[in-house]
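1. Have a look at this prediction, sequence included:
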Amino acid sequence: MKRHLLGLALAASLISCAFAQTDNTANALRPVHKGQPPSTECNGNPCEISYNGGPVFEDAPTVYILYYGSWSSTDMSIINEYWSTLTGSTQEKINTRYGDSSGKHITGTLNFNPGTDTYQDLYSLGKTMNDSLLQEAIANAIKAGHFPSDANGIYFGLTYKDVNWSGMCTSYCGYHGPSTSIVTGKIIKYSFVGDPGQCVDNCSFAFEYGSKAFPNADPDADGTINVMWHEFSESSSDPEVNLKTAWAANACGESGDCCAWLSGTIKTDKNGNYYNELIKGHEYLTQMMLELDKKQLGTVISHCENVFEKKPH
């Protein structure tokens, strides 16, 4: 993993002018409020999702991770392990029924190399961030050669728990969207994910399982993986949302929103912690995802699904 300190290129006021604030919060994972936790499939809404004509990721995307702030080596190792092994897993195959008007579907595979596709930015734009500044940080990393300019990638900006982001923990835990500002002439898909360690009861499964919700004993990393899974799946099936929307539900949102904070079948590991995904011997606690009942376009009645690996590899 590359780790550098980016220089301050512009004052925050100039950066805000250069990068338009987008309304990606409409495509956000909402936090849980203990008084009203989710309890039913599709969060009480019909499990219907509609195709609206936009593209999906027809080719395996590359995942890029910008670790913004003082993420520990343990945090990053756990997160990197998940993305290194998700490709081709039964969990990722849940997304493969989503296709587009070209007749192609999500492949169920992805590319990720921790040595080349991660970068740690130690607060180059300060500890108060917003969407405009996150886009600037991603653009800076691309310009500096830490990431390629990849329209077939998904760039995750993970802000550490000491970063102040208005709306994080109270209005959303993360979101995704397309940007035409990060790289001129390209539609770059990116996602903001705040560190759930800031508010474990609102942005992790701790609201339901308490301290047992972290199978890797790391609230920052374990909680982040779940939010990233949510945003990755939605970006896969609706990468250009708001520009050319692909899959969006009639009532509950995008594919991840319909099953947000629903954990499905739970197992207990030898330490008493809870998990519902086992990928190459590693345990994770992530939300279920909306799986289409069959490959088709139009409006589809679907269901929330999570699938265990049958055995460790």
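-> Great, that's in hand. Small disclaimer: the values here were computed from a predicted structure and weren't measured.
2. Residue 254: what secondary structure?
-> coil (DSSP: H, G, I helix; E, B strand; the rest coil).
3. Just the CA atoms of stretch 142-158, as PDB, please.
-> Provided in PDB are the C-alpha atoms of stretch 142-158 (Å, rounded to 0.1, in the frame of the first residue of the first chain):
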ATOM      1  CA  ILE A 142      -4.800  10.500  -9.500                       C
ATOM      2  CA  LYS A 143      -2.700  13.500 -10.600                       C
ATOM      3  CA  ALA A 144       0.200  12.400  -8.400                       C
ATOM      4  CA  GLY A 145       0.200   8.900  -9.900                       C
ATOM      5  CA  HIS A 146      -1.000   7.000  -6.900                       C
ATOM      6  CA  PHE A 147      -4.100   5.900  -8.700                       C
ATOM      7  CA  PRO A 148      -4.700   5.600 -12.500                       C
ATOM      8  CA  SER A 149      -7.500   7.500 -14.200                       C
ATOM      9  CA  ASP A 150     -10.000   4.700 -14.500                       C
ATOM     10  CA  ALA A 151     -13.600   5.100 -15.700                       C
ATOM     11  CA  ASN A 152     -14.100   1.400 -15.000                       C
ATOM     12  CA  GLY A 153     -13.100   1.800 -11.300                       C
ATOM     13  CA  ILE A 154     -14.800   2.600  -8.100                       C
ATOM     14  CA  TYR A 155     -12.800   5.000  -5.900                       C
ATOM     15  CA  PHE A 156     -13.600   4.700  -2.200                       C
ATOM     16  CA  GLY A 157     -12.800   7.700   0.000                       C
ATOM     17  CA  LEU A 158     -12.600   6.400   3.600                       C
END
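4. element containing residue 74, please.
-> helix 73-85 (DSSP states H and E).
5. can you check residue 248 too?
-> Assigned by DSSP H and E, residue 248 falls in strand 247-249.
6. where does the stretch 151-300 of the chain dip in pLDDT?
-> Within the stretch 151-300 of the chain, no range satisfies pLDDT under 70.
7. repeat that with 90
-> 249-252 (pLDDT under 90).
8. and the closest residue in space to residue 153 that isn't next to it in sequence, backbone torsions?
-> In this structure, residue 153 finds its nearest non-sequential neighbour in residue 62, 4.4 Å apart by Cβ to Cβ, 6 or more residues apart in numbering. All C-beta spots, glycine's among them, are computed from the backbone N, C-alpha and C. The phi/psi pair for residue 62 (degrees, to the nearest 10) reads phi -100, psi 130.
9. Buried residues in the helix holding residue 74, which are they?
-> Across helix 73-85, burial judged by 16 or more other Cβ atoms under 10 Å covers 75, 76, 78, 79, 80, 81, 82, 83, 84, 85.
10. Kindly report the same for stretch 57-75.
-> Result for stretch 57-75 [16+ other Cβ under 10 Å]: buried residues 57-58, 60-69, 71, 75.
11. can you check stretch 100-114 too?
-> Buried residues in stretch 100-114 (16+ other Cβ under 10 Å): 100, 105, 106, 107, 108, 110, 111, 112, 114.
12. can you tell me which residues contact residue 158?
-> 65, 66, 67, 68, 71, 79, 193, 194, 195, 224, 228 (Cβ atoms under 8 Å, 6 or more residues apart in numbering).
13. Which of those residues fall within strands?
-> 65, 66, 67, 68, 193, 194 (DSSP state E).
14. Which residue is the nearest non-sequential neighbour of the second one?
-> With Cβ to Cβ, 6+ apart as the measure, residue 157 is the residue that lies nearest to residue 66, at 4.8 Å, once sequence neighbours are left out.
15. Run a quick neighbour tally on that neighbour.
-> Close neighbours of residue 157, defined as other Cβ atoms under 10 Å, add up to 24.
16. Let me know the angle separating whichever strand or helix holds it from helix 73-85.
-> Under the criterion of DSSP H and E, residue 157 resides in strand 153-159. Taking axes from the mean of the first three to the mean of the last three Cα atoms, to 10 degrees, one finds strand 153-159 and helix 73-85 inclined to each other by 160 degrees.
17. What strands line up against strand 153-159, and which way round?
-> Sheet pairing for strand 153-159, assigned by DSSP bridges, gives strand 62-68 (parallel), strand 188-194 (parallel).
18. Out of those, which is closest to residue 251?
-> strand 188-194 (23.2 Å; Cβ to Cβ).
19. Could you pull out the strands in the stretch 51-200 of the chain for me?
-> Under the criterion DSSP state E, counting those that start in this stretch, the stretch 51-200 of the chain contains strands at 62-68, 118-121, 128-129, 153-159, 164-165, 174-179, 188-194.
20. Rebuild those strands as TSV, extending it with distance to residue 210.
-> Output for the strands of the stretch 51-200 of the chain, formatted as TSV (distance: least, Cβ to Cβ, whole Å):
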stretch	distance to residue 210
strand 62-68	27
strand 118-121	30
strand 128-129	29
strand 153-159	24
strand 164-165	25
strand 174-179	22
strand 188-194	21
